[in-house]
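Peer 1: structural data only, the sequence is not supplied:
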């Protein structure tokens, strides 16, 4: 496979912009007295007995070992002196809309991948990586001036490297990987720096003596596809610095789902219902954060032995009502209440989504 682009096109120039600790940063913007403090956005810790998770946290909180996705009770044990605030997803979504409108002005092609991350293809307006660096500095200055927020930017010839680069010097970083530096940049990085390579894939690769992206790039493409199927082609391309996925607008997401796996299989249905209530709150918060309406509510129940059941119920119209989610999740779970088997995992899912009034879909 050739690693060269057609000479008429030259190397692509992609920026990956990742807003730093976005939820806490929004809270600090609203209440500047929170700056410099260990701030944790998530569920109520209830003195260490709360259920639910950390949505995000400030860099000061991360020094205590607090991380996104961590149970809130664990976060409280690590950082009891932290300031805990409940998420305000509507406020974050409004801020994100303004930020994305600002960033869009700098792009030839634009791809928002989450509330706080975006790819900008700037290859048409920037003739060189030096020009792209100047553009990135303008992005950072304008964002700081307009919204009081910092962003870490990675500049590279493709999306996967730009994303890794943006993670290098957080917060407020600017990291550039020019085409000639791709191999040197990728070689020492751990395989789990590749977006989409999770714990299981990392462990599998380590068992086969592959710790770094450099080592992964030496594995023949056929062997990687034997290991991972079609996904192996994608992984091989990233490891060799030749991934060429275009920057393009994303369609509206089809569903929002959240799950909780219990540390031990649970027979006590009261504990399971508590977990479902936590999932109802979380899936509803995400719905509001993305300014969407739903029509269908689903649950997933996985028993010991990995037997999994899903159930769905559809509402008459489109709503964003938390009580409807709670009522439907409760009624769908009743089928399993008298089942004596232990439960390993429960999940809640909203589907048949459409934008709430006032939100632009931003398709193509």
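Peer 2: That came in fine, so what should we check first? Note that this is a predicted model, so its numbers are computed, not measured.
Peer 1: partner residues bridging the residue positioned nearest the centre of the chain?
Peer 2: Of all residues in the chain, the one closest to the mean position by CA atoms, centre = their mean is residue 114, 6.3 Å from it. Beta bridges link residue 114 to residue 117, judged by DSSP bridges.
Peer 1: same thing with residue 256?
Peer 2: With DSSP bridges as the criterion, residue 256 is bridged to residue 350.
Peer 1: could you measure from it over to residue 163?
Peer 2: Distance from residue 256 to residue 163, counting by CB to CB, to the nearest Å: 23 Å. Quick note: C-beta positions are derived from backbone N, CA and C, even for glycine.
Peer 1: pLDDT value on the residue nearest to the centre of the chain, please?
Peer 2: With respect to pLDDT, residue 114 scores 79.
Peer 1: give me the sheet partners of the lowest-mean-pLDDT helix or strand in the chain and which way each runs.
Peer 2: Sorting the helices and strands of the chain by mean pLDDT, DSSP states H and E puts strand 354-355 at the bottom, at a mean of 82. Sheet pairing of strand 354-355 (DSSP bridges) gives strand 292-303 (antiparallel).
Peer 1: mind checking what helix or strand follows the partner strand in sequence?
Peer 2: Sequence order places strand 308-319 as the next helix or strand after strand 292-303, per DSSP states H and E.
Peer 1: quick one: contacts for residue 253?
Peer 2: Neighbour list for residue 253: 290, 292, 353 [criterion: CB atoms under 8 Å, 6 or more residues apart in numbering].
Peer 1: dihedrals phi and psi, the first one?
Peer 2: Dihedral angles phi and psi of residue 290 (degrees, to the nearest 10) take the values phi -100, psi 0.
Peer 1: any idea how far residue 126 is from it?
Peer 2: The gap separating residue 290 from residue 126 is 31 Å, by CB to CB.
Peer 1: next one: the second one
Peer 2: As defined by CB to CB, residue 292 lies at a distance of 34 Å from residue 126.
Peer 1: what does the lengthiest helix in the chain contact?
Peer 2: Using DSSP state H to define each element, the chain has its longest helix at helix 269-289. With contacts defined as CB under 8 Å, 6+ apart, helix 269-289 is touched by 43, 51-53, 87, 89-90, 92-93, 115, 256-260, 262, 266, 293-294, 299, 320, 322, 325-326, 329-330, 333, 337, 343, 346-350.
Peer 1: run the chain-centre distance for it.
Peer 2: Taking CA atoms, centre = their mean, to the nearest Å, one finds helix 269-289 lying 19 Å from the centre of the chain it belongs to.
Peer 1: now the angle from it to strand 308-319?
Peer 2: Angle of helix 269-289 versus strand 308-319, following axes from the mean of the first three to the mean of the last three CA atoms, to 10 degrees, is 40 degrees.
Peer 1: quick one: mean pLDDT over helix 269-289.
Peer 2: Averaging pLDDT along helix 269-289 yields 88.
Peer 1: let me have the contacts of residue 253 in JSON lines, extended by neighbour count and distance to residue 67.
Peer 2: Compiled in JSON lines, the contacts of residue 253 are given as follows (neighbours: other CB atoms under 10 Å; distance: CB to CB, whole Å):
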{"residue": "290", "neighbour count": "19", "distance to residue 67": "23"}
{"residue": "292", "neighbour count": "20", "distance to residue 67": "27"}
{"residue": "353", "neighbour count": "19", "distance to residue 67": "29"}
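Peer 1: so which of those comes closest to residue 314?
Peer 2: In terms of CB to CB, no member of these lies closer to residue 314 than residue 353, at 12.4 Å.
Peer 1: contacting residues around that closest one?
Peer 2: Contact analysis of residue 353 by CB under 8 Å, 6+ apart lists 252, 253, 254, 255, 256, 292, 293, 294, 295.
Peer 1: what do you get if the cut-off is 7 Å, keeping everything else the same?
Peer 2: Counting by CB atoms under 7 Å, 6 or more residues apart in numbering, residue 353 touches 252, 253, 254, 255, 292, 293, 294.
Peer 1: which one of the residues you listed sits in the busiest neighbourhood?
Peer 2: Most neighbours among these, by other CB atoms under 10 Å: residue 294, with 24 neighbours.
Peer 1: ok, and the closest non-adjacent residue to that residue?
Peer 2: Distance criterion CB to CB, 6 or more residues apart in numbering; nearest residue to residue 294, sequence neighbours excluded, is residue 350 at 4.0 Å.
Peer 1: what's the neighbour count on that neighbour?
Peer 2: For residue 350, the neighbour count with other CB under 10 Å is 24.
Peer 1: separation between it and residue 78?
Peer 2: For residue 350, the distance to residue 78 - CB to CB - is 31 Å.
Peer 1: average pLDDT for the strand or helix carrying residue 73?
Peer 2: Element membership of residue 73, judged by DSSP H and E, is helix 72-78. Across helix 72-78, pLDDT averages out at 92.
Peer 1: what do you get for stretch 213-221?
Peer 2: Mean predicted lDDT for stretch 213-221 stands at 94.
Peer 1: ok, now stretch 44-58?
Peer 2: The average pLDDT for stretch 44-58 rounds to 86.
Peer 1: which of the residues in it are buried?
Peer 2: Neighbour-count burial for stretch 44-58 flags 45, 50, 51, 52, 53, 54, 55, 56, 57, 58 (criterion: 16 or more other CB atoms under 10 Å).
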